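Trainee: model this:
(2 chains)
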Amino acid sequence: DQQVKQNSPSLSVQEGRISILNCDYTNSMFDYFLWYKKYPAEGPTFLISISSIKDKNEDGRFTVFLNKSAKHLSLHIVPSQPGDSAVYFCAASPNYGGSQGNLIFGKGTKLSVKP
Amino acid sequence: DAGVTQSPTHLIKTRGQHVTLRCSPISGHKSVSWYQQVLGQGPQFIFQYYEKEERGRGNFPDRFSARQFPNYSSELNVNALLLGDSALYLCASSLQGAGEYFGPGTRLTVT
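Mentor: All right, here's what the predicted structure looks like:
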């Protein structure tokens, strides 16, 4: 029973356009959400996070939106660049004393940005 | 500053054997977590240690164990290896309130 779902296994976008990666979760106890990017043969790289008290967090080309009522978050990348091509994982942290050690990951979405 | 380091990079073991994987966190990070990633899936939480105490354990059998040392480095041990234990094992370190920072992983192949 997946608690964090990334329903799109892959996404292809033209360079310069917006990439939107989606993530749904089922556990209302999750209060902290993170996005990671992963290249082959490397560990996941932390991109951006958002606390459940916010609905938006922005860092450069990356913006994460959180809709708590819909239990949905999305990562927007604008403008997309070929170097953004990677697998993107959504992760959620349960509210266990504020620790982020126990992350629940989705299966990932493979983003391909075409020049 | 060095990131999270893991050793070895790759490992091949036979069914029934035992394996020890090692992790050094980012300097100043006291929390270390271990994850298992099989092909086509996201990382799955195995253990978290904070200040040498186990803080969390995922849904893994007792064949999996871990510990954290006074310098905050950590070991993951897996006994009686099964073919299904073949995976990328990721270590992550964090400060409280920050995201997890992952190492490059150890690729374990069980034959």
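Trainee: by contact count, what packs against the helix or strand where residue B:89 lies?
Mentor: Secondary structure assignment for residue B:89, by DSSP states H and E: strand B:87-94. Counting contacts by 3 or more C-beta pairs under 8 Å, 6 or more residues apart in numbering or on different chains; DSSP states H and E, strand B:87-94 is packed against strand B:5-7, strand B:19-24, strand B:31-37, strand B:74-78, strand B:101-102, strand B:106-110. (Glycine included, C-beta is placed from N, CA and C.)
Trainee: angle of it against strand B:106-110?
Mentor: Strand B:87-94 and strand B:106-110 are oriented at 150 degrees to each other (axes from the mean of the first three to the mean of the last three C-alpha atoms, to 10 degrees).
Trainee: what's the angle from whichever helix or strand residue B:56 is part of to strand B:31-37?
Mentor: Following DSSP H and E, one finds residue B:56 within strand B:53-57. Strand B:53-57 and strand B:31-37 are oriented at 30 degrees to each other (the same axes, to 10 degrees).
Trainee: Return the residues in contact with residue 39.
Mentor: Went with chain A since none was named. Going by C-beta atoms under 8 Å, 6 or more residues apart in numbering or on different chains, residue A:39 touches A:45, A:86-87.
Trainee: Can you look at chain B instead?
Mentor: residue B:87.
Trainee: how far does the strand holding residue B:56 sit from the chain's center?
Mentor: The chain centroid and the centroid of strand B:53-57 are separated by 13 Å under C-alpha atoms, centre = their mean, to the nearest Å.
Trainee: which helices and strands sit right next to that strand?
Mentor: Applying 3+ C-beta pairs under 8 Å, 6+ apart, one finds that strand B:53-57 contacts strand B:44-50.
Trainee: and the strand it packs on, anywhere near chain A?
Mentor: Yes - using C-beta under 8 Å from any C-beta of the partner chain, strand B:44-50 comes into contact with chain A via B:44-45, B:48, B:50.
Trainee: Given that strand, what are its sheet partners and their directions?
Mentor: Within its sheet, strand B:44-50 is paired with strand B:31-37 (antiparallel), strand B:53-57 (antiparallel), according to DSSP bridges.
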